[in-house]
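A.B. asks: sequence first, then the predicted structure, then my questions.
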Amino acid sequence: MTILEFNDVSRTFTQTGIPVPVLQNVNFSVAQNEFAAVMGPSGSGKSTLLNLAAGLLVPDSGEIYICGECLSAMNDDKRTVFRRRNLGIIFQDYNLIPTLTAEENIVLPVLLDGLRPDTAYLNELLERFGLNPRRKHYPHELSGGERQRVAIARALIIRPKLILADEPTGSLDILTGKKFCELLDVIHKTSGTSILLVSHDPVVSAHADSVSILAGGGIRTRFRSDGNPADISEHYISSIK
């Protein structure tokens, strides 16, 4: 089963009155239970691709399907509700609400949907990510790694069908970044949730099942990951030459 599908998706931005094509006729998919990574140079459109998958942007042409539903055909309100109920998003800068505690940030997507949080599942997430002692702390009282773990727990609280992660280790040191990747591995293997991650880092991408190289407005190549960052770097360099 395909969780995410891009069919001939294009997106152009306008800068000082000049159209700048970013993605052109992109065809791309993520299967159920797949951990997919997309790599590309700065400005290649990685974040645009992820924001399109999240419904935060709409394509100029083409269609995007998630779990068989056409995301690009929905209006803003429907996309917002669909995103809140089906997608877990992990941002590079965490996007935590500074006036809410760690626990309150985690359950926010559930509350916004007018539902009551599953207390047992919340406690399970806090325990799994070592956040139980920090559950009443505010973001400014947490380390970078703790804030990232809060962001992951927030993404998981709705039991999403797809997790989208945008350069998730970009603000972390090497050790914390490594721990984050290990957490993604655990999430993928234990929950079966599909993951789409965009990154420029071959060490991060090595944790994925597949790696796609985005350059020149489209997917240049896609290959199975063998878990070796050196091999992924070689594929990457040869693809963008």
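C.D. replies: Yep, it's here. Numbers count the residues shown, from 1 in each chain.
A.B. asks: gap between the closest residue to Thr99 other than its chain neighbours and Gly170?
C.D. replies: Nearest residue to Thr99, sequence neighbours excluded (Cβ to Cβ, 6 or more residues apart in numbering): Tyr138, at 7.5 Å. (Glycine included, C-beta is placed from N, CA and C.) Distance, Tyr138 to Gly170, by Cβ to Cβ, to the nearest Å: 23 Å.
A.B. asks: kindly report the same for Leu122.
C.D. replies: If you measure Leu122 against Gly170 using Cβ to Cβ, the figure is 27 Å.
A.B. asks: repeat that for Thr48.
C.D. replies: Counting by Cβ to Cβ, the gap from Thr48 to Gly170 is 16 Å.
A.B. asks: phi first, then psi, for Phe13.
C.D. replies: Phi and psi for Phe13, reported as degrees, to the nearest 10, are phi -110, psi 160.
A.B. asks: ugh, wrong one, Asn75
C.D. replies: Main-chain dihedrals, Asn75, degrees, to the nearest 10: phi -80, psi 180.
A.B. asks: ok, now the one 10 residues further on?
C.D. replies: Here the main-chain torsion angles of Arg85 (degrees, to the nearest 10) amount to phi -90, psi -20.
A.B. asks: start the count at 55, not 1, going forward
C.D. replies: All set: I'll call the first residue 55, so the last point we hit is now Arg139.
A.B. asks: which residues does it contact?
C.D. replies: Arg139 is in contact with 167, 212, counting by Cβ atoms under 8 Å, 6 or more residues apart in numbering.
A.B. asks: repeat that for 10 Å
C.D. replies: Going by Cβ atoms under 10 Å, 6 or more residues apart in numbering, Arg139 touches 163-164, 167, 169, 212-215.
A.B. asks: is it true that Leu180 touches Val204?
C.D. replies: Yes - taking contacts as Cβ atoms under 10 Å, Leu180 lies within contact range of Val204: 9.4 Å.
A.B. asks: what about the two, which has more around it?
C.D. replies: Val204 (28 against 20; other Cβ atoms under 10 Å).
A.B. asks: average pLDDT for the regular element (helix or strand) spanning Ile291?
C.D. replies: According to DSSP states H and E, Ile291 maps onto helix 283-294. The pLDDT scores in helix 283-294 average 89.
A.B. asks: for Leu237, which non-adjacent residue is spatially closest?
C.D. replies: Leaving aside its sequence neighbours, Leu237 sits nearest to Ile206 (Cβ to Cβ, 6+ apart; 6.2 Å).
A.B. asks: any idea how many residues pack against that neighbour?
C.D. replies: For Ile206, the count of nearby residues is 25 (other Cβ under 10 Å).
A.B. asks: quick one: secondary structure of it?
C.D. replies: Assigned by DSSP: H, G, I helix; E, B strand; the rest coil, the conformation of Ile206 is helix.
A.B. asks: wait, it sits on Gly184?
C.D. replies: No - under the criterion of Cβ under 10 Å, Ile206 makes no contact with Gly184, lying 11.4 Å away.
A.B. asks: check which helices and strands the helix or strand of the chain with the lowest mean pLDDT sits against.
C.D. replies: Here the helix or strand of the chain ranked lowest by mean pLDDT, DSSP states H and E is helix 228-245, holding a mean of 78. Secondary-structure packing of helix 228-245 (3 or more Cβ pairs under 10 Å, 6 or more residues apart in numbering; DSSP states H and E): strand 89-93, strand 141-144, helix 173-182, helix 198-210, strand 216-220, strand 248-252, helix 256-259.
A.B. asks: ok now the last one, how far from the chain's centre?
C.D. replies: With Cα atoms, centre = their mean, to the nearest Å as the basis, the distance from the averaged C-alpha position of helix 256-259 to the chain average is 14 Å.
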